[in-house]
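# need a structure here:
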Amino acid sequence: MSASPLADVLGLVDELRDRLAAQGPAERPLGGETLLERLDGAIAARRTRDRLLPSRLFADPAWDVLLGLYRNQLLGRGSGVDDACRASALPTPTVLRWVGVLEREGLIVPVAGAEPGAVGLSTRAAQAVEAYLAALSPRSRSRTAVSAV
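Okay, here's the model as predicted:
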């Protein structure tokens with residue numbers, strides 16, 4: 001037992017900080033689920049919408065590319081255009097066009113020390129995606145709501 005309750009609390013805070021630091025960003029808790037689970041839920045909701053309604057009405061390729069690249073970064077996966085295509089489920093010409101736009105906007109940056117053409121989210125873009133995911137309530141994307149359609 002330590003000399004004071006404050007020392008006990010500070011010790012617990014240090015222990016919690018160390019445990020959180022040891023977790024990768026994908027395992028970071030976010031309202032009862034991990035950041036990766038929240039991201040996968042957001043991506044699944046977009047794909048469900050595309051199956052239920054004509055996807056051409058809701059095209060948002062820039063967002064799909066950002067989400068795909070963010071997911072790859074969380075998982076420590078590749079970040080080339082081919083990886084962005086797979087992660088975003090978009091055709092290569094569309095991804096190439098939007099990667100250029102997102103680079104000009106400062107949302108995607110070249111990855112230093114990686115293969116030529118490798119890109120990743122800028123700090124600003126990663127923070128924006130994390131803030132978006134944090135704002136999503138697990139209740140706002142209930143899986144049971146989709147089955148009712």
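
# which residues of this protein fall in helices?
With DSSP state H, the ranges of helices along the chain come out as 5-22, 35-52, 61-75, 81-88, 92-104, 123-135, 143-147.

# would you turn these into a markdown table with mean neighbour count?
Every C-beta, even on glycine, is put in place using the N, C-alpha and C of the backbone. Below are the helices of the chain laid out as a markdown table (neighbours: other C-beta atoms under 10 Å):
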| stretch | mean neighbour count |
| --- | --- |
| helix 5-22 | 10 |
| helix 35-52 | 16 |
| helix 61-75 | 21 |
| helix 81-88 | 19 |
| helix 92-104 | 16 |
| helix 123-135 | 15 |
| helix 143-147 | 10 |
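
# of all the ones you listed, which one is nearest Gly113?
Each of those was checked against Gly113 via C-beta to C-beta, and the shortest separation belongs to helix 61-75, namely 14.4 Å.

# who are the packing partners of the closest one?
Helices and strands in packing contact with helix 61-75 are listed as helix 35-52, helix 81-88, helix 92-104, strand 108-110, strand 119-121, helix 123-135; criterion 3 or more C-beta pairs under 8 Å, 6 or more residues apart in numbering; DSSP states H and E.

# OK, contacts around Leu66?
102, 107-108, 121, 125, 129 (C-beta atoms under 8 Å, 6 or more residues apart in numbering).

# over to Gly80?
When contacts are taken as C-beta under 8 Å, 6+ apart, Gly80 is in contact with 115, 117-119.
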